[in-house]
Every structure is written in structure tokens, then in C-alpha cells.
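1. below are the sequence and a predicted model for it; my questions follow.
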Amino acid sequence: YFDESDVLRILNACDNLKHYCMLNVLFFGCLRSGELCNLDVPDYDPNTLTLRLRETKNGSDGMVYINDDTAKDLNHYLQIRPSLEIDGKEPLFYTDFAHRWTNGDVYRMFMNNKEKAGIEKKGGVHCFSRHSSATLMITRGCDLRTVQAILRHRDIHTTLRYTHLSDAVKREKHNQFLKL
């Protein structure tokens with residue numbers, strides 16, 4: 001997974017507002033690439049800082065959260081970009097060629113920014129937006145049930161993949177909870 005400094009380096013290396021917004025929405029929304037590609041403008045609620053997902057991986061709709069800073073950047077992006085309708089819908093993000101983004105497009109954009117950031121460790125978009133977000137939440141003390149809900153996992157066993165903890169976190173928790 002990418003640690004906090006890796007994530008910040010990737011975000012800071014991005015010099016394109018649209019791509020920066022996409023990366024933030026991916027990371028803070030804990031989105032899969034396909035979910036990002038399917039977002040339309042009406043799916044975004046700036047008042048509640050949420051995005052409505054339609055037809056997610058498990059076939060159901062969902063709701064994800066973003067933070068204030070991501071919403072501010074997204075609001076700015078939406079104010080300056082031209083409106084565009086594709087197949088009767090207004091995508092939240094569209095390519096420079098007036099098409100919806102594809103998973104491959106998102107992957108290439110992410111890898112380009114990862115390379116600009118000088119990050120050489122393995123990992124693509126999914127690692128960035130799902131594994132890294134979940135690991136960061138767990139490392140900071142978020143309970144597994146909440147992480148499961150945020151990632152929209154049906155089975156808690158899927159979420160258990162992210163419970164690998166650093167030695168520093170294990171030591172801190174040991175000292176915190178194993179006392180007489």
C-alpha cells in the first residue's frame with residue numbers, strides 16, 4: 001500500500017486540476033476506478049459532502065463521503081469546466097476528447113502522477129484508492145466494521161486484508177491496552 005507520505009507526494013505531483021480532483025475523489029471516497037468513471041454531476045451533493053454510486057461492483061447503489069478540501073477543489077473544478085452531456089448524462093469527469101473516462105484512462109493518469117512523484121513501489125489505482133485509504137484508517141484506530149461500511153464490503157473477511165499494521169502501531173496498541 002501507499003503510506004501517507006506517498007499519497008501526499010502523488011497528489012502534490014499532480015499539476016492538472018481535473019486529475020487532482022479525480023485523485024482526491026478516488027482516495028477520500030475509497031472508490032474503485034469504475035465507480036469514478038460512472039459518476040455524474042447530480043451524484044455529487046456539496047451540502048452533505050457525498051457522492052451517490054450507481055451499480056457498484058456488488059450491483060447495488062451506495063453512498064461515499066469526501067472531505068471539505070476535496071469538495072472545495074471539486075466545486076472549483078465544476079465552476080470552470082464546460083458542461084458536457086454524453087448519452088443524456090453529465091459526467092462528473094470527462095476526457096479531453098469528450099468521452100467518459102475508462103478504467104484504463106484512470107490507470108494511465110494515476111501511473112503518470114505516481115511516476116512524476118518519484119514513487120517506485122508497486123501499486124496502481126486500486127492500491128491507492130482502496131488499500132491505502134483502508135490501511136490508513138485502520139492504522140489510525142478506525143474500527144473494522146466502520147472500514148467495512150466505508151469500503152462497501154459485504155463480508156468482513158474482505159476488510160480483514162487491511163489489518164496489516166506497522167510495528168510502531170502494534171507497539172502503541174500493546175502499551176495502550178496491555179496494562180495491569
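-> Cool, the structure landed.

2. poorly predicted segments of this protein, please.
-> Low-confidence segments of the chain, defined by pLDDT under 70, span residues 56-59, 164-169.

3. now do the helices in it.
-> Taking DSSP state H as the test, the helices found in the chain are 4-13, 17-29, 33-37, 68-80, 103-116, 125-126, 132-139, 144-151, 156-159, 167-177.

4. same question for the longest one: list its buried residues.
-> Using 16 or more other C-beta atoms under 10 Å as the burial criterion, the residues of helix 103-116 that qualify are 105-106, 109-110, 113-114. Using the backbone N, CA and C atoms, a C-beta is placed for each residue, glycine as well.

5. what is it packed up against?
-> Under the contact criterion of 3 or more C-beta pairs under 8 Å, 6 or more residues apart in numbering; DSSP states H and E, the helices and strands touching helix 103-116 comprise helix 4-13, helix 17-29, helix 33-37, helix 125-126.

6. need the max-distance pair from the buried residues of helix 103-116.
-> Spatially, the most separated pair among those is Asp105 and Lys114, at 14.9 Å (C-beta to C-beta).

7. give me the neighbour count for Thr158.
-> Using other C-beta atoms under 10 Å, Thr158 is surrounded by 12 other residues.

8. ok, it - contacts?
-> With contact set as C-beta atoms under 8 Å, 6 or more residues apart in numbering, Thr158 has these partners: 148, 151.

9. how far away is it from Leu51?
-> Thr158 sits 21 Å away from Leu51, going by C-beta to C-beta, to the nearest Å.

10. contacting residues for the nearest residue to Asp69 once chain neighbours are set aside?
-> Setting aside the residues directly before and after it, Asp69 is nearest to Asn24 in space (C-beta to C-beta, 6 or more residues apart in numbering), at 7.5 Å. The neighbours of Asn24, taking C-beta under 8 Å, 6+ apart as the test, are 11, 66, 69-70, 73-74.

11. the nearest residue to Val64 once chain neighbours are set aside: neighbour count?
-> Closest residue to Val64 in three dimensions, ignoring its sequence neighbours and counting by C-beta to C-beta, 6+ apart: Gly29, at 4.2 Å. Residue crowding around Gly29 was assessed by other C-beta under 10 Å; the count is 23.

12. next one: the one 4 residues further on
-> Using other C-beta under 10 Å, the number of residues around Ser33 comes to 24.
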